[in-house]
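Engineer: Provided below for reference: sequence and predicted model.
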Amino acid sequence: MSRNIRWALVLSLALIVLVIAAACAPAPTPAPTAAPPTAAPKAAAGGKLEIFSWWTTGGEAAGLEGVYALYKKANPGVEVVNATVAGGAGSNAKAVLKTRMLGGDPPDSFQVHMGHELIDTWVTPADKMEDLSALFTQNGLDKAFPKGVLDIVSYQGKPYSVPVNIHRANVLWYNKKVFAANNLTAPKTFDDFFKVADALKAKGIAPLALGDKDSFASVQLFETILIGTLGVDGYTGLWTGATKWTDPKVTDSLNTFKKMLTYTNSDHAALTWDQANDLLIQGKAGMTVMGDWIDGDYTAKKFTDYGWVASPGNDGIFDALSDTFGLPKGVKNRDNALKFLALLGSKEGQEAFNPKKGSICARSDCDPKLFDEYLQSAMKDWTTNKIVPSLAHGAAAKEGWLTSISDLVVAFVTKGDVAATQTALAKACVDAAVCK
Ligand code: GAL
């Protein structure tokens with residue numbers, strides 16, 4: 001049975017899985033559309049362009065600047081307004097965006113994760129986004145992305161945002177010098193992880209750098225433990241109701257999570273993800289589990305002594321997310337925004353953005369030679385691994401459910417109550433109307 005068919009059968013209930021099932025498949029021939037509601041403008045003459053995101057740190061800011069530079073070159077009369085709200089995974093930006101969107105003051109375009117975050121928050125039931133069918137057709141974007149990616153940025157067959165990248169959330173990064181000095185090899189299993197962690201602890205080095213000032217970092221760590229414990233089907237089933245949150249493997253995951261937390265830096269609650277990464281760069285910590293935007297952080301900080309492996313138990317599994325940009329209804333600079341979206345979707349735009357950002361292109365035709373060694377390995381993994389949707393980054397669960405889980409994880413990090421947390425996680429699934 002082919003990989004695509006297998007995915008379609010096993011995971012047909014999960015929207016994100018459509019990405020996976022067709023990650024390598026050619027894009028379909030678009031169905032003819034009648035009188036498309038959006039059209040790409042010929043030129044952006046002047047005025048402003050306000051782009052909203054949470055990209056403020058090294059590789060994030062650099063990637064964004066890379067695209068802005070191209071945009072400004074092509075549209076010298078347009079003033080680009082870089083509207084950023086700092087906070088990893090949009091921890092602060094999403095609230096600001098909500099106020100603006102509901103208050104009738106949308107930015108010209110904004111960053112939003114592909115999947116539930118886009119569709120369930122802004123397309124339905126809010127109906128706040130423009131259908132981008134015409135933009136896609138006129139710029140060949142309907143043929144540029146894998147079919148699964150197109151499916152997931154679409155609702156009822158119409159695309160609502162332009163995917164600029166693919167990120168991977170389940171990577172364990174380590175300081176090569178620290179590992180070599182202590183004769184350690186990168187852990188593959190949870191048992192390996194704890195052995196390495198004990199060895200580092202004995203040397204006074206923080207085994208696992210964590211910066212969960214923004215709660216996504218601990219949610220993401222937990223998600224990688226769920227994947228490593230439940231496997232692809234078990235983890236994916238959590239988002240469809242096929243896997244019960246009362247499953248003993250969820251108990252195991254919580255116990256592993258609790259144990260892992262005892263190997264983190266004591267000031268983790270005060271640090272952001274990139275500040276935690278600085279501990280690794282400085283050799284004060286040995287490892288960290290983080291998405292591959294950290295690769296962009298290393299590039300921006302000119303740090304090269306890092307190695308990477310899949311998070312414990314995650315070998316062969318790609319925990320995926322994607323940053324996309326859409327067009328809110330009623331923006332002030334619609335034509336300028338359409339030009340920006342066309343650029344973001346283009347080969348040129350994605351090649352300018354992703355090598356700096358630490359992500360791979362959502363398009364299938366970017367030149368691997370422009371990317372560093374880690375990113376080239378991610379490109380390969382994207383087309384060969386089994387793909388699962390990231391929880392912490394809007395792909396697996398709708399926003400309200402993610403918020404409930406995040407709150408439970410934050411409480412768990414301080415209290416460590418396995419039984420109570422598991423009961424509450426099971427209830428959150430019922431409240432999300434996914435579990436009975
Ligand atoms: C993710 C986002 C990435 C990266 C990360 C840390 O949610 O998709 O692009 O920015 O947050 O802020």
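Structural biologist: Everything's here; your move.
Engineer: For Lys48, name its beta-bridge partners.
Structural biologist: Glu79 (DSSP bridges).
Engineer: wait, it sits on Arg334?
Structural biologist: No: if you go by C-beta atoms under 8 Å, Lys48 and Arg334 don't touch, sitting 11.5 Å apart. C-betas here are computed from N, CA, C, even on glycine.
Engineer: of the two, who's got more company?
Structural biologist: Counted by other C-beta atoms under 10 Å, Lys48 and Arg334 do not tie: Arg334 has more neighbours, with 17 against 12.
Engineer: Please tell me I have it right and Arg334 contacts Phe340.
Structural biologist: No: if you go by C-beta under 8 Å, Arg334 and Phe340 don't touch, sitting 10.6 Å apart.
Engineer: Between those two, which contacts overlap?
Structural biologist: Contact with both Arg334 and Phe340 is made by residues Asp108, according to C-beta atoms under 8 Å, 6 or more residues apart in numbering.
Engineer: hang on, the earlier thing: identify the contacts common to Lys48 and Arg334.
Structural biologist: Joint contacts of Lys48 and Arg334 (C-beta under 8 Å, 6+ apart) are Asp108.
Engineer: Val96 contacts Val85, doesn't it?
Structural biologist: Yes: counting by C-beta under 8 Å, Val85 is a contact partner of Val96 at 5.0 Å.
Engineer: any residues in contact with both of the two?
Structural biologist: Joint contacts of Val96 and Val85 (C-beta under 8 Å, 6+ apart) do not exist.
Engineer: Does Ser91 touch Ala217 like I think?
Structural biologist: No: the pair Ser91 and Ala217 does not pass the contact test of C-beta under 8 Å, sitting 9.7 Å apart.
Engineer: What residues sit buried inside stretch 402-420?
Structural biologist: Of the residues in stretch 402-420, those buried by neighbour count under the rule 16 or more other C-beta atoms under 10 Å are 402, 404-406, 408-409, 412-413, 416, 418.
Engineer: for these, which one is nearest the ligand?
Structural biologist: The ligand has its nearest neighbour among those in Leu402, at 11.3 Å by C-beta to the nearest ligand atom.
Engineer: count of residues packed around the residue lying closest to the closest one once chain neighbours are set aside?
Structural biologist: Leaving out its chain neighbours, the residue that sits closest to Leu402 by C-beta to C-beta, 6 or more residues apart in numbering is Leu391, at 6.5 Å. Neighbour count for Leu391, taken as other C-beta under 10 Å: 29.
Engineer: Give me the pLDDT value at Leu391.
Structural biologist: pLDDT for Leu391: 98.
Engineer: sec struct for it, please.
Structural biologist: coil (DSSP: H, G, I helix; E, B strand; the rest coil).
Engineer: how about the residues of the stretch 251-400 of the chain that lie near the ligand?
Structural biologist: For the stretch 251-400 of the chain, the residues in contact with the ligand (C-beta under 6 Å from any ligand atom) are 291, 293, 321, 323, 393.
Engineer: The residues you listed into TSV, with extra columns for neighbour count?
Structural biologist: Shown next, in TSV, are these (neighbours: other C-beta atoms under 10 Å):
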residue	neighbour count
Gly291	27
Trp293	26
Leu321	27
Asp323	29
His393	27
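Engineer: now those residues in CSV, with secondary structure?
Structural biologist: Formatted as CSV, these follow (three-state DSSP):
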residue, secondary structure
Gly291, coil
Trp293, helix
Leu321, strand
Asp323, strand
His393, coil
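Engineer: what's the spacing between stretch 425-436 and its chain's center?
Structural biologist: Distance of stretch 425-436 from the chain centroid (C-alpha atoms, centre = their mean, to the nearest Å) equals 23 Å.
Engineer: Need the residues that contact it.
Structural biologist: 238-241, 244-246, 250, 397-398, 400-401, 404-405, 408.
Engineer: Write the PyMOL selection for whichever of the residues you listed are buried.
Structural biologist: Buried subset of the contacts of stretch 425-436, written as a PyMOL selection, criterion 16+ other C-beta under 10 Å:
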select buried, resi 238+239+240+241+245+250+397+398+401+404+405+408
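Engineer: nearest to Thr137, of the contacts of stretch 425-436?
Structural biologist: Distance to Thr137 across these (C-beta to C-beta) is lowest for Lys398, with 29.0 Å.
Engineer: Okay, now the unreliable bits of the stretch 251-400 of the chain?
Structural biologist: Of all residues in the stretch 251-400 of the chain, none has pLDDT under 70.
Engineer: Identify each of the helices in it and give its residue range.
Structural biologist: 273-281, 293-300, 334-345, 347-357, 373-384, 399-415 (DSSP state H, counting those that start in this stretch).
Engineer: Columns distance to Val112 on top of these, output as TSV?
Structural biologist: Listed next are the helices of the stretch 251-400 of the chain as TSV, based on distance: least, C-beta to C-beta, whole Å:
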stretch	distance to Val112
helix 273-281	19
helix 293-300	16
helix 334-345	12
helix 347-357	16
helix 373-384	21
helix 399-415	11
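Engineer: domains of this structure?
Structural biologist: The chain breaks down into these domains under automatic domain parsing: 3-166+322-389, 168-319+394-431.
Engineer: So for the helix or strand hosting Tyr71, mean pLDDT?
Structural biologist: Using DSSP states H and E, the element containing Tyr71 is helix 58-74. On average, the pLDDT along helix 58-74 is 97.
Engineer: Please identify which helix or strand holds Leu200.
Structural biologist: Going by DSSP H and E, Leu200 is part of helix 190-202.
Engineer: other SSEs contacting the helix or strand following that helix?
Structural biologist: On the C-terminal side of helix 190-202, the closest following helix or strand by DSSP H and E is strand 206-209. Packing partners of strand 206-209 (3 or more C-beta pairs under 8 Å, 6 or more residues apart in numbering; DSSP states H and E): helix 190-202, helix 273-281, strand 285-290.
Engineer: just how off-centre is strand 206-209 within its chain?
Structural biologist: 23 Å.
Engineer: For the stretch 101-250 of the chain, which segments count as helices?
Structural biologist: 116-118, 133-138, 141-144, 147-152, 176-181, 190-202, 216-237, 248-261.
Engineer: Just the CA trace of the third one, in PDB.
Structural biologist: Listed next in PDB are the C-alpha coordinates belonging to helix 141-144 (Å, rounded to 0.1, in the frame of the first residue of the first chain):
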ATOM      1  CA  LEU A 141       0.700  28.900  -6.300                       C
ATOM      2  CA  ASP A 142      -2.000  26.300  -7.000                       C
ATOM      3  CA  LYS A 143       0.800  24.200  -8.500                       C
ATOM      4  CA  ALA A 144       3.700  25.200  -6.300                       C
END
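Engineer: And the contacts of it?
Structural biologist: Contacts of helix 141-144 (C-beta under 8 Å, 6+ apart): 27, 30, 135-136, 150, 159, 162, 342, 345, 347, 363-365.
Engineer: Of those, just the buried ones, PyMOL syntax please.
Structural biologist: A single PyMOL command selects the buried members of the contacts of helix 141-144 (16+ other C-beta under 10 Å):
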select buried, resi 27+135+136+150+159+162+342+345+363+364
